[in-house]
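Chemist: quick one, fold the following:
(2 chains)
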Amino acid sequence: MSGSTTLHEYRTGWKRALIETRVSLTSIGDLMGFVMPTAIAIVVLLFMQRADFEGAPVSLGSMNMPSLIGMNVVFGGIVGMVGALAMDRTNGTLLRAKSMPGGMTGYLVGHLVSTAMFIAVTAIALLAVGLPLFDGLEFGSPDRWLIFLAVLLMGIVATLPIGAVLGALLDNPKNMGLVMFPIMGMVAISGIFYPITALPGWLQGVGQVFPMYWMGLGMRHALLPDAMAAVEIGGEWRTVTMFAVLALWAVVSMALAPRLLRRMSRRESGSAVAARRADMQRDW
Amino acid sequence: MGHPPAHDGPAIAVSDLRMRYGDKDVLKGLDLTVHPGGVTALLGPNGAGKTTTIEILEGFRGRSDGRVEVLGVDPATGGEAWRAKLGVVLQEWRDNGKWKVRDAVTHFADYYRPYSEPYGPDELLELVGLAEQAGQRIRTLSGGQRRRLDVALGIIGRPELLFLDEPTTGFDPHARREFHELIHRLTDLDGTTILLTTHDLDEAEKLAERILILAGGRIIADGSPDQLARAASTTAEVKWIQDGALQIHPTDDATDFVRKLLATDDGAVSELEIHRASLEDAYLELVARFEAGDADTAVDTFKEATR
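Modeler: From the prediction side, this is the model:
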């Protein structure tokens, strides 16, 4: 395949991303899927503004708002990719891509980019809502903008390929729970809604393996007063470690993703789609 | 328009194709040659291996053994340029439901640009009769409209070869008729070869110039609808009333039998009827036996009938 053809496939994928993003942002269902749980989380955080953690300078609610943004990036990256790949295998979108020249490349580029766009839009929306509602958040200086954008970007780069790997492994939407439940568990041990230091030491260790904790930490670093670092493990933001762990996740999953996605693509056929659909209907 | 012909040989050349799932042989040495142009129907009962065959030809499925060439290329190793010369329409595609019809035909055309001059959205939607639905979301289309969109996306890159897998499954008579008209329109297009699978003999007779009947893992009959019909109807049943009683006589030469009968009856024969076994009868019997799990006898009986 010539280089210009490959470039054309990427460009077509980019166009697909623009269509997908526009479709997502104009479909009530897609928007509600994000807005409803997020709105509930924010309301809970608003109540948590009355609570303090061990005399920290900002309330628990304000402390958790950045963590919520970090969680949302991980959630959007992993669940967004897994859900899309699973659904698209059942309704034939993936097979359609396979039936066209360069279609699979276009499809994947389209999904990665549109998911990234959706995450970015929602993260910025959360920031815009959070800043006026929560006291003590700091976002007034360029260094904070820079950290926020860097953490956001790193989060997207790390979680999309994780989502692609899991999505390629999970071949039926009815098994979404296999991804959802562990992620819920990850939220619980990642210090999103309560500082991780309140957990037993071994659980803190487990939490720090996964990207969710580091995304929450990174966003807190970007948005909370520096004094709040005292609440974190080791009493500091651990900026380098944060980027390093996220980068490690990105590298490992990017190394695995192409092979698994190729396997997924190879197995796709009309009868595979039909069998999957029949399987789902039987269970409902 | 379309592609410069890449090779001079047959559009599809298959010899001794075998497919085995576990210990079940689905295809047992299938031979098939389709020359460019025209509509060929692969007809057979459900479970006869039509979808397996077409998926192997499309390059969506590996095979256990045999030689397969589609447009001169082995589908197992066909690259993107080869893929660009094929159109695929599957049963029950429900992809990209939230997209608008026009977005889909505009976007998917892009994939073909390095290889050919794809259809523009207006021309294409006009061709498949969806011009009025251009602004609708895809999931709001009716079943028949949805399948016509699938055909539009199948031919969008002006393919040399178009596969249609059970294209009218689940259609009401009206949608089916409209779809058949669309296929007739497609055959007028510049020399696209169409291979369609169906389990409906009537559909195969209406659409195809050549019918291949697939059963028991092989092609068991091959010919134009006319040829197959004549082959199936060599035996006839002659019925008449004589002396108040119904008489029935099967014969291979009905004309000769009737000539002799009437020459000697002294006016006693009335209500004479000649009933020729139709291709439909032969095919329905094949399907019935097939579904009763008696595949081998079914094939033998059918071959006997259409010898």
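Chemist: ok, which stretches of the stretch 101-250 of chain B are helices?
Modeler: Taking DSSP state H, counting those that start in this stretch, the helices of the stretch 101-250 of chain B run over residues B:101-110, B:121-127, B:143-155, B:173-187, B:201-207, B:225-232.
Chemist: the stretch 101-250 of chain A against chain B: which residues are in contact?
Modeler: A:101-103, A:106 (C-beta under 8 Å from any C-beta of the partner chain). Any C-beta I mention is one placed from the backbone N, CA and C, and that applies to glycine too.
Chemist: surely B:Pro159 is in contact with B:Val89?
Modeler: No - B:Pro159 is beyond contact range of B:Val89, at 10.4 Å (criterion: C-beta atoms under 8 Å).
Chemist: follow-up on the earlier one: for chain A, find the nearest of the helices of the stretch 101-250 of chain B.
Modeler: Evaluated with C-beta to the nearest C-beta, those place helix B:101-110 nearest to chain A, the distance being 4.5 Å.
Chemist: and the helix or strand bottoming out on mean pLDDT in chain A, what does it pack onto?
Modeler: Among the helical and strand segments of chain A, the one scoring lowest on mean pLDDT, DSSP states H and E is helix A:270-283, with a mean of 80. Under the contact definition 3 or more C-beta pairs under 8 Å, 6 or more residues apart in numbering or on different chains; DSSP states H and E, helix A:270-283 sits against helix A:60-90, helix A:93-98, helix B:50-58.
Chemist: please name whichever of these is nearest to B:Leu27.
Modeler: helix B:50-58 (6.3 Å; C-beta to C-beta).
Chemist: reformat the helices and strands packed on helix A:270-283 as JSON lines; add distance to B:Thr77, mean neighbour count and mean pLDDT.
Modeler: Shown next, in JSON lines, are the helices and strands packed on helix A:270-283 (distance: least, C-beta to C-beta, whole Å; neighbours: other C-beta atoms under 10 Å in any protein chain shown; pLDDT from 0 to 100):
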{"stretch": "helix A:60-90", "distance to B:Thr77": "24", "mean neighbour count": "25", "mean pLDDT": "92"}
{"stretch": "helix A:93-98", "distance to B:Thr77": "15", "mean neighbour count": "23", "mean pLDDT": "92"}
{"stretch": "helix B:50-58", "distance to B:Thr77": "13", "mean neighbour count": "24", "mean pLDDT": "93"}
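Chemist: report the angle between the least confident helix or strand of chain A and helix B:50-58.
Modeler: Relative orientation of helix A:270-283 versus helix B:50-58 (axes from the mean of the first three to the mean of the last three C-alpha atoms, to 10 degrees): 140 degrees.
Chemist: so what's A:Ser67 up against?
Modeler: With contacts defined as C-beta atoms under 8 Å, 6 or more residues apart in numbering or on different chains, A:Ser67 is in contact with A:191-193, A:216, A:219-220.
Chemist: try A:Arg267
Modeler: By C-beta under 8 Å, 6+ apart, A:Arg267 lies in contact with A:Asp171.
Chemist: next up, phi/psi of residue 43, please.
Modeler: With no chain named, the answer covers chain A. Main-chain torsions, A:Val43, degrees, to the nearest 10: phi -60, psi -40.
Chemist: look at chain B instead
Modeler: Main-chain dihedrals, B:Leu43, degrees, to the nearest 10: phi -110, psi 140.
Chemist: still on that earlier bit, buried residues in the least confident helix or strand of chain A?
Modeler: A:270-274, A:276-277 (16 or more other C-beta atoms under 10 Å in any protein chain shown).
Chemist: okay, that helix in CSV with CA atoms only?
Modeler: C-alpha atoms of helix A:270-283 as CSV (Å, rounded to 0.1, in the frame of the first residue of the first chain):
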residue,chain,number,x,y,z
GLY,A,270,-21.9,-11.5,8.3
SER,A,271,-22.6,-14.8,10.1
ALA,A,272,-20.6,-13.6,13.1
VAL,A,273,-22.7,-10.5,13.3
ALA,A,274,-25.9,-12.5,12.9
ALA,A,275,-24.9,-15.0,15.5
ARG,A,276,-24.0,-12.2,18.0
ARG,A,277,-27.4,-10.6,17.4
ALA,A,278,-29.3,-13.9,17.8
ASP,A,279,-27.4,-14.5,21.0
MET,A,280,-28.4,-11.1,22.4
GLN,A,281,-32.1,-11.6,21.4
ARG,A,282,-32.1,-14.9,23.1
ASP,A,283,-31.0,-13.4,26.4
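Chemist: who touches the helix or strand harbouring B:Gly87?
Modeler: B:Gly87 belongs to strand B:86-89 when assigned by DSSP states H and E. For strand B:86-89, the external contacting residues (C-beta under 8 Å, 6+ apart) are A:99, B:58-59, B:70-71, B:147, B:150-151, B:153-157, B:159-165, B:167, B:192.
Chemist: can you show me the strands along the stretch 201-307 of chain B?
Modeler: B:210-215, B:218-223, B:236-242, B:245-251, B:269-276 (DSSP state E, counting those that start in this stretch).
Chemist: point out the most buried one among those.
Modeler: Ranked by mean neighbour count, these are led by strand B:210-215 with a mean of 24 (mean count of other C-beta atoms under 10 Å in any protein chain shown).
Chemist: bridged to the most centrally placed residue in chain B, which residues?
Modeler: The centre of chain B sits closest to B:Ala41, judged by C-alpha atoms, centre = their mean, with a distance of 2.4 Å. With DSSP bridges applied, B:Ala41 shows beta-bridge pairing to B:Leu196, B:Ile211.
Chemist: wait, it touches B:Asp202, no?
Modeler: No - under the criterion of C-beta under 8 Å, B:Ala41 makes no contact with B:Asp202, lying 10.9 Å away.
Chemist: which residues does A:Ser4 contact?
Modeler: Contact analysis of A:Ser4 by C-beta under 8 Å, 6+ apart lists B:Pro114.
Chemist: shaky segments in the stretch 51-200 of chain A?
Modeler: Counting by pLDDT under 70, not a single residue of the stretch 51-200 of chain A qualifies.
Chemist: what about the helices in it?
Modeler: Using DSSP H, counting those that start in this stretch, helices in the stretch 51-200 of chain A cover A:60-90, A:93-98, A:103-133, A:142-169, A:177-188.
Chemist: name the residues of the fourth one that are buried.
Modeler: Just to be clear, that refers to helix A:142-169. Judged by neighbour count (16+ other C-beta under 10 Å), helix A:142-169 contains these buried residues: A:144, A:147-148, A:151-152, A:154-169.
Chemist: other SSEs contacting that helix?
Modeler: Helix A:142-169 is packed against helix A:60-90, helix A:103-133, helix A:211-223, helix A:239-266, with contacts defined by 3+ C-beta pairs under 8 Å, 6+ apart.
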